[in-house]
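**Q** Got a sequence here, can you build the structure:
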Amino acid sequence: MSREMRRYTYGPVLSRRLGRSLGIDLVPYKTCTFDCVYCQLGRTTNKTVERREYLPVRSILREIEEFSWERIDYITLAGSGEPTLNSKIGEVIEGIKSISSTPVAILTNGSLLGMRSLQDEISSADLVIPSIDAASQRIFEMINRPHRSLRIRSIIEGLRAFRERFSGEIWLEVMLVKGLNDAPDEIELLKSMIEDIGLDKIQLNTVVRPPCEDWVLPLDEREMRAVCNLFRGRAEIIGVSQAADVGHERVAEVRSQILELLGRRPCTIEDVSGTIGLHRNEALKQITILEKEGLISSRVFEGVRYFRAR
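**A** Below is the predicted model of the structure:
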């Protein structure tokens, strides 16, 4: 299968946490239970808690099988929305295990982990990385803008119930936004609610890529350390610096390909993604960096944004 034909897989990309990771999309673009203010992919277009087979399992596994010979550290169910919304996630994991010995990780906002059926479906995963960004309902609604049926205390209790049944590792991520969820009282409340869950890691992150809301700001290194200290040695910082997030050789290759393409003709994000064989998320990330560096420019024509090399 050519890279241009890939629809459900992206990468492998180098991740600061997971090493060389093959990403898997299980739901359509921006289908999620949340509409987080810091999301780099933009506003959620389908906010839902309905679980169904959004994308076909057989097609997903067929693409994954193309990478069974590559050296990959993790096969990661993540992508452009909330992966646990796919009701066939268990079949995807079973299928991966039948064709590869590579560990399976799930990146999730954790909103559905309290569902016993979902707990059963993902029980054979090796690593689950849920995110909880608030402990109070008010801050939860401000930062995650969840589906109206979701309550943060129920989500935290769902994580607790999942921990009791799941034998793999759980790394909890907390995304910190300046002036929103970084107050000491909010952090202390969160710490008190999760400290006895038995998490393998607590990882503190902040906004390091362009968010969907312009007013969203990151914490600086000093502020991140201050929050980390409130966890009294139980947390680690994974945010602040982007430099270690990607491999230099891979970035250089992708940048060169994008600049060459945009030097020939103006392109949309989708054009770049399809021509080079990048997942849309990765194309968006690299184009944003190149535009900030002044190497490319953009112009809106007939409501569509086009990019070209300067």
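**Q** got the residue ranges for the helices in this protein?
**A** 57-65, 89-99, 116-121, 137-144, 152-165, 184-194, 221-230, 248-264, 269-276, 280-292 (DSSP state H).
**Q** so which of these gets nearest I75?
**A** Closest of the helices of the chain to I75 is helix 89-99, at 5.6 Å (criterion: C-beta to C-beta). Yep, even glycine has a C-beta here, placed from its N, CA and C like the rest.
**Q** got the buried residues for the closest one?
**A** The neighbour-count check on helix 89-99 (16 or more other C-beta atoms under 10 Å) flags 89-93, 95-97 as buried.
**Q** domain assignment for this structure?
**A** As given by automatic domain parsing, the domain ranges for the chain are 3-244, 248-309.
**Q** Which one of those has the poorest average confidence?
**A** Considering these one by one, the lowest average pLDDT is found for domain 248-309, at a mean of 84.
**Q** if I look at K201, how far off is E173?
**A** When distance is defined by C-beta to C-beta, to the nearest Å, K201 is 9 Å away from E173.
**Q** My guess is S111 contacts R145. True?
**A** No: S111 is not in contact with R145 according to C-beta atoms under 8 Å; the separation is 12.0 Å.
**Q** Please name the residues that touch K178.
**A** Taking C-beta atoms under 8 Å, 6 or more residues apart in numbering as the criterion, K178 is in contact with 206, 217-219, 223.
**Q** Looking at S111 and R145, which has the bigger crowd around it?
**A** For S111 versus R145, the count of surrounding residues by other C-beta atoms under 10 Å is larger for S111: 28 against 17.
**Q** residues in contact with stretch 50-63?
**A** Among residues not part of stretch 50-63, those counted as contacts by C-beta under 8 Å, 6+ apart are 1, 6-9, 24-28, 31, 84-88, 91-92, 95-96, 99, 112, 118.
**Q** Just the buried subset of those residues, please.
**A** Applying 16+ other C-beta under 10 Å to those, the neighbour count classes 6, 8-9, 24-27, 31, 84-88, 91-92, 95-96, 112, 118 as buried.
**Q** List the ones among the residues you listed that fall in strands.
**A** In this view, those that belong to strands under DSSP state E are 9, 24-25, 31.
**Q** Redo those as JSON lines? Include distance to G79.
**A** Output for those, formatted as JSON lines (distance: C-beta to C-beta, whole Å):
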{"residue": "T9", "distance to G79": "9"}
{"residue": "I24", "distance to G79": "6"}
{"residue": "D25", "distance to G79": "3"}
{"residue": "T31", "distance to G79": "10"}
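**Q** returning to that earlier point: show me just the buried residues among the contacts of K178.
**A** 206, 218-219.
**Q** So which of those is the closest to L127?
**A** L127 has its nearest neighbour among the buried ones among the contacts of K178 in T206, at 21.9 Å by C-beta to C-beta.
**Q** ok, the nearest residue to E270 once chain neighbours are set aside - contacts?
**A** The spatially closest residue to E270, leaving aside those adjacent along the chain, is R280, at 6.9 Å (C-beta to C-beta, 6 or more residues apart in numbering). For R280, the contacting residues are 29, 80, 269-270, 273, by C-beta under 8 Å, 6+ apart.
**Q** Closest one to I237 out of the residues you listed, please.
**A** Distance to I237, by C-beta to C-beta, is smallest for S80 among the contacts of R280, at 26.3 Å.
**Q** And the closest one, how close does it get to E121?
**A** Counting by C-beta to C-beta, the separation of S80 from E121 is 20 Å.
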